[in-house]
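>>> Sequence first, predicted coordinates after that:
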Amino acid sequence: MQQVQSGDTVRVHYHGRLTDGTTFDSSEGRDPLEFEVGSGMVIAGFDNGVIGMVIGDKRTVHIAVDEAYGPKNPEMVIEFPRDQVPEDMPLEVGMRLNLNNSEGQVVPVVITEVLDEAVLLDANHPLAGEDLVFDIELVEIKAPKSRIIMP
C-alpha cells in the first residue's frame with residue numbers, strides 16, 4: 001500500500017482540540033482537508049503527522065507549540081489609543097476586530113483589555129502558545145504531480 005510522503009497531495013478528515021479537550025476545529029460535516037505534504041500549507045506538526053499513513057489509517061497526533069502556531073509573542077500585543085476608536089463603538093474584552101497595517105493588509109486582533117487611555121489588542125494567532133491534538137483519518141492520496149528524475 002502507498003504510504004504518504006512529502007510532496008504527496010492528501011485528503012484527510014480531522015478533529016483538532018486543545019490538550020484540555022476543547023475542540024477548536026473539525027472537518028465533520030465538510031469535505032476532507034486537501035493539502036500538499038511538506039509545502040507549508042498546514043502547520044509543521046500536522047504535516048509530519050500524516051507521513052507514513054496509508055488510506056484508511058486513523059492517528060492521533062500531539063503537536064507541541066513549536067510545531068503548531070508557536071509561542072505567544074508579546075510584541076504582537078498592541079496598545080491602541082482610545083481616542084482613535086469611534087466613540088459609538090462598544091469595546092469588550094474578547095471582541096474580535098480587523099485592523100489594516102501600513103501595507104493595507106487586514107490584521108485580525110482580539111481586545112484583551114480596555115483602559116481609560118488605550119485598548120490592548122492581541123494580534124497573535126488565536127492558537128499561539130497552545131499544544132494541539134489532532135485525530136486524523138487519511139481518506140485519499142492523490143496521484144502525485146509528475147516528477148522529473150534526472151540521471
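That came through fine. Source: prediction; values computed, not measured.

>>> what about Ser6, which SS state?
Three-state secondary structure (criterion: DSSP: H, G, I helix; E, B strand; the rest coil) places Ser6 in coil.

>>> Tell me how many other residues surround it.
12 (other CB atoms under 10 Å). The way it works is simple: take the backbone N, C-alpha and C, and place the C-beta from them, glycine included.

>>> Correct me if wrong: it contacts Phe35.
No - checked against CB atoms under 8 Å, the pair Ser6 and Phe35 is beyond contact range at 11.8 Å.

>>> number of nearby residues for Pro86?
When counting by other CB under 10 Å, one arrives at 6 neighbours for Pro86.

>>> Would you mark the buried spots in the host helix or strand of Val12?
Element membership of Val12 [criterion: DSSP states H and E] is strand 9-18. For strand 9-18, the buried set under the neighbour-count rule, 16 or more other CB atoms under 10 Å, comprises Thr9, Val10, Arg11, Val12, His13, Tyr14, His15, Gly16.

>>> Would you mind giving those residues as a markdown table with distance to Val93 and pLDDT added?
Compiled in a markdown table, those are given as follows (distance: CB to CB, whole Å; pLDDT from 0 to 100):
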| residue | distance to Val93 | pLDDT |
| --- | --- | --- |
| Thr9 | 41 | 96 |
| Val10 | 39 | 97 |
| Arg11 | 39 | 98 |
| Val12 | 35 | 98 |
| His13 | 34 | 98 |
| Tyr14 | 30 | 98 |
| His15 | 29 | 98 |
| Gly16 | 25 | 98 |
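
>>> Distance to Met89 added to the residues you listed, as JSON lines?
Converted to JSON lines, these look like this (distance: CB to CB, whole Å):
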{"residue": "Thr9", "distance to Met89": "44"}
{"residue": "Val10", "distance to Met89": "43"}
{"residue": "Arg11", "distance to Met89": "42"}
{"residue": "Val12", "distance to Met89": "40"}
{"residue": "His13", "distance to Met89": "40"}
{"residue": "Tyr14", "distance to Met89": "36"}
{"residue": "His15", "distance to Met89": "36"}
{"residue": "Gly16", "distance to Met89": "32"}
